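In: sequence and predicted structure below; questions after.
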Amino acid sequence: MKNIFIKTIAAAALTLGMTGCVNDLDISSIDPQSSPTADPMGLLAKCYGVLGLTGQDGGTGNGDLSLDEGESGFYRTTFNLQELPTDECMWAWQTDPDIPQITMMNWNSSSVRVQWAYTRLTYDITLFNSYLSQVPEDEANRQYRAEVRFLRALHYWYMLDLFGKSPFKTEFNITELPIEYSGNQMYGWLDKELTEIENEMTATGTGVGAFNDSQNFGRADLGAVYLLHARLALNSAVYSDSINPETEYRKAVDYCNKIEQSGAYTLSSKEKNGNSGYAQLFMADNDQNADAMDEIIFPIRQDGLRTRQYSGSLVLIAGSRSAAMPNYGMKESWTCLFARSAMTQKFFPSLSNVPLVPDGAETSDDQTKAAELDQQYGTSVQQLIDAAGDDRALLYSGCANGVRTISTEAVTDFKNGLSLVKWTNMKSDNTGGQDLSWPDTDIPLLRYAEVFLIRAEANWRLGADATTVMNDINVLRQRANTRLFNAGDITEDNIRDEWCREFFMEGRRRSDLVRFGCFTGNKYVWDWKGGTASGTTVDSHFNVYPIPADDIMNNANLTQNPGY
């Protein structure tokens with residue numbers, strides 16, 4: 001398995017002959033191999049590779065799926081559905097296909113972005129089923145099979161979370177249509193599957209994750225299984241009405257305890273060259289920086305030379321930048337993503353305290369000049385962090401390429417909100433990545449910080465005393481060098497908002513809002529929720545996405561979600 005994630009993923013993608021356009025988990029045109037004698041290690045590399053690649057050639061031109069390859073990747077398709085409708089960010093270009101419907105929460109069963117996510121998930125599951133159908137259940141392959149079962153469970157979790165149910169198959173064949181698993185059935189299967197593979201996974205070692213080294217970073221170990229299971233259990237009341245939530249919340253706490261007690265992971269807390277421990281998690285050397293690696297339990301690998309595609313961390317970095325913004329290690333600047341005012345308010349409860357470029361002040365399209373002006377205006381990234389009093393406030397309100405506002409009455413431009421600078425292609429030594437067009441920054445899909453917030457929220461839901469909940473949250477707030485909570489701060493709103501402060505722009509916000517009963521309805525309203533500048537109530541059927549109309553037509557086993 002040496003260096004499988006960087007040196008062999010691209011080669012595996014090229015040799016397996018994968019292509020497809022449908023998503024019923026059964027059709028031969030998405031057969032993830034062209035021969036029954038595919039190399040097992042190459043196929044394993046492809047199983048991991050589909051997390052961070054979109055096709056066979058790199059960039060575009062020979063994609064896995066017969067749709068816009070740049071839009072087809074696992075992370076980009078799920079990120080769009082998990083982030084763009086929420087209180088965290090907006091996509092500036094409302095003329096892009098299906099963007100108004102997704103950002104304003106008015107999609108339907110013909111939504112192409114919903115279709116893209118559904119297609120990617122089902123395609124990947126088909127690949128995993130193919131691997132498990134071909135690779136024998138013997139001692140030599142036991143661990144590898146368990147890792148692929150984890151990847152399949154991860155994808156089925158996304159199906160359950162996004163759609164509330166799933167087409168379901170665990171075998172690779174082209175003779176049977178997938179059946180439909182309800183939320184109750186899907187939850188039960190995931191609970192059982194994750195439990196079964198625990199003893200098959202590589203265990204974490206004391207003081208270090210099992211695969212926390214330069215050769216194996218990116219492989220799933222027991223810690224990843226525990227954390228996904230804890231996440232599943234925390235959301236149990238959303239996914240299933242046939243279980244006792246209290247039992248599942250205790251299970252979530254137990255899994256978090258197991259992860260902590262393993263001693264395998266630590267929070268990235270040491271400042272380096274002016275970069276906080278938190279910021280280093282999202283930098284180009286987060287697969288080489290030992291402190292960042294010790295927090296990242298399961299990443300999506302990215303490499304500027306070998307994993308070139310438009311659906312990974314490139315979206316997060318280039319999508320949130322204009323050309324003259326502070327050095328971010330790339331020449332790409334898409335000017336797409338910006339912060340909603342509700343996001344800014346998580347760090348600045350009084351928006352009047354946000355440092356902004358003065359009216360009529362000079363702006364610049366030159367990076368060096370803009371940086372000088374930002375220092376003068378007090379609008380550099382570090383000055384915003386200092387004003388917020390929180391290392392996680394990775395926002396920019398400066399004058400690069402024009403003046404940013406906090407809110408807008410019409411979504412017309414990238415500068416309609418503050419810029420989000422959490423993700424960068426700069427290294428912790430303040431040098432750039434390997435390539436100016438393609439980032440090296442890995443995506444931490446599962447990281448240790450989640451343990452503390454899952455355990456805090458689960459204990460809060462179980463009625464634990466405020467000190468128990470507060471202590472876990474304060475572990476993260478201390479790392480962020482911000483004010484520690486006291487017992488009086490342990491409220492539902494503060495717990496919900498702490499998830500945002502810690503994990504914004506990490507592809508999970510919708511899940512958290514749904515769990516708190518805030519994604520739809522009017523319990524919590526943010527700017528542009530429901531399509532109005534001040535926000536409005538949204539019908540509850542939008543808590544899950546529709547099953548794509550094409551799949552309903554092609555498979556009589558599937559049913560549509562209510563309201564669509």
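Out: All right, it came through fine.
In: show me the strands in this protein, by range?
Out: Taking DSSP state E as the criterion, the chain carries its strands at 89-91, 166-168, 179-181, 296-300, 337-339, 395-396, 419-420, 443-447.
In: so can I have CSV of the ones you listed showing mean pLDDT, mean neighbour count and distance to Ala361?
Out: Backbone N, C-alpha and C define where each C-beta goes, glycine included. Below are the strands of the chain laid out as CSV (pLDDT from 0 to 100; neighbours: other CB atoms under 10 Å; distance: least, CB to CB, whole Å):
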stretch, mean pLDDT, mean neighbour count, distance to Ala361
strand 89-91, 98, 23, 24
strand 166-168, 98, 24, 52
strand 179-181, 98, 17, 57
strand 296-300, 97, 25, 40
strand 337-339, 98, 27, 19
strand 395-396, 98, 26, 15
strand 419-420, 98, 23, 17
strand 443-447, 98, 23, 36
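In: looking at the ones you listed, which is nearest to Asn555?
Out: strand 166-168 (6.9 Å; CB to CB).
In: could you dump the strands of the chain into a markdown table with distance to Ser110 added?
Out: Below are these laid out as a markdown table (distance: least, CB to CB, whole Å):
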| stretch | distance to Ser110 |
| --- | --- |
| strand 89-91 | 19 |
| strand 166-168 | 18 |
| strand 179-181 | 20 |
| strand 296-300 | 29 |
| strand 337-339 | 25 |
| strand 395-396 | 35 |
| strand 419-420 | 30 |
| strand 443-447 | 29 |
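In: identify whichever of those strands lies nearest to Leu43.
Out: Minimum separation from Leu43 across the strands of the chain (CB to CB) falls at strand 296-300, 18.5 Å.
In: the closest one packs against which elements?
Out: Using 3 or more CB pairs under 8 Å, 6 or more residues apart in numbering; DSSP states H and E, the elements in contact with strand 296-300 are helix 222-234, strand 443-447.
In: chain center to the last one: distance?
Out: Translated: strand 443-447. Here strand 443-447 is found 7 Å from its chain centre; the criterion is CA atoms, centre = their mean, to the nearest Å.
In: check the longest one too.
Out: Counting by CA atoms, centre = their mean, helix 222-234 is centred 15 Å from the centre of its parent chain.
In: quick one: mean pLDDT over that helix.
Out: Mean per-residue pLDDT for helix 222-234: 97.
In: and that helix, what other elements does it pack with?
Out: Looks like helix 222-234 contacts helix 142-163, helix 183-197, helix 245-262, strand 296-300, strand 443-447, helix 449-461 (3+ CB pairs under 8 Å, 6+ apart).
In: same list (these) but as JSON lines, adding distance to Val135.
Out: What follows is the helices and strands packed on helix 222-234, written out as JSON lines (distance: least, CB to CB, whole Å):
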{"stretch": "helix 142-163", "distance to Val135": "6"}
{"stretch": "helix 183-197", "distance to Val135": "15"}
{"stretch": "helix 245-262", "distance to Val135": "28"}
{"stretch": "strand 296-300", "distance to Val135": "21"}
{"stretch": "strand 443-447", "distance to Val135": "24"}
{"stretch": "helix 449-461", "distance to Val135": "30"}
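In: in space, what's closest to Gln478 - neighbours in sequence excluded?
Out: Leu484 (6.4 Å; CB to CB, 6 or more residues apart in numbering).
In: how near is the one you found to Tyr377?
Out: Using CB to CB, to the nearest Å, one obtains 31 Å as the distance from Leu484 to Tyr377.
In: hmm, back to that, tell me which of the helices and strands packed on strand 296-300 sits most buried.
Out: helix 222-234 (a mean of 25; mean count of other CB atoms under 10 Å).
In: my guess is the residue nearest to Gln478 contacts Leu476, does it?
Out: No: here Leu484 does not reach Leu476: they are 10.2 Å apart, not a contact under CB atoms under 8 Å.
In: these two: who's more crowded?
Out: Taking other CB atoms under 10 Å, Leu484 and Leu476 do not tie; Leu476 has more neighbours (22 against 12).
In: ok, now which ones touch the more buried one?
Out: Taking CB atoms under 8 Å, 6 or more residues apart in numbering as the contact definition, Leu476 lies against Leu267, Ala449, Phe452, Leu453, Glu498, Glu502.
In: among these, which one lies nearest to Asp254?
Out: Of the contacts of Leu476, the one sitting nearest to Asp254 (CB to CB) turns out to be Phe452, at 14.8 Å.
In: any idea how far the nearest residue to the closest one once chain neighbours are set aside lies from Tyr265?
Out: Nearest non-adjacent residue to Phe452, counting by CB to CB, 6+ apart: Asp472, 4.4 Å away. From Asp472 across to Tyr265, the span is 15 Å (CB to CB).
In: and of the helices and strands packed on strand 296-300, who's closest to Met330?
Out: Closest among the helices and strands packed on strand 296-300, using CB to CB: strand 443-447, at 15.6 Å.
In: who are the packing partners of the closest one?
Out: Using 3+ CB pairs under 8 Å, 6+ apart: strand 443-447 touches helix 222-234, strand 296-300.
In: looking at these, which is nearest to Ile99?
Out: That would be strand 296-300 among those, by CB to CB, at 23.4 Å.
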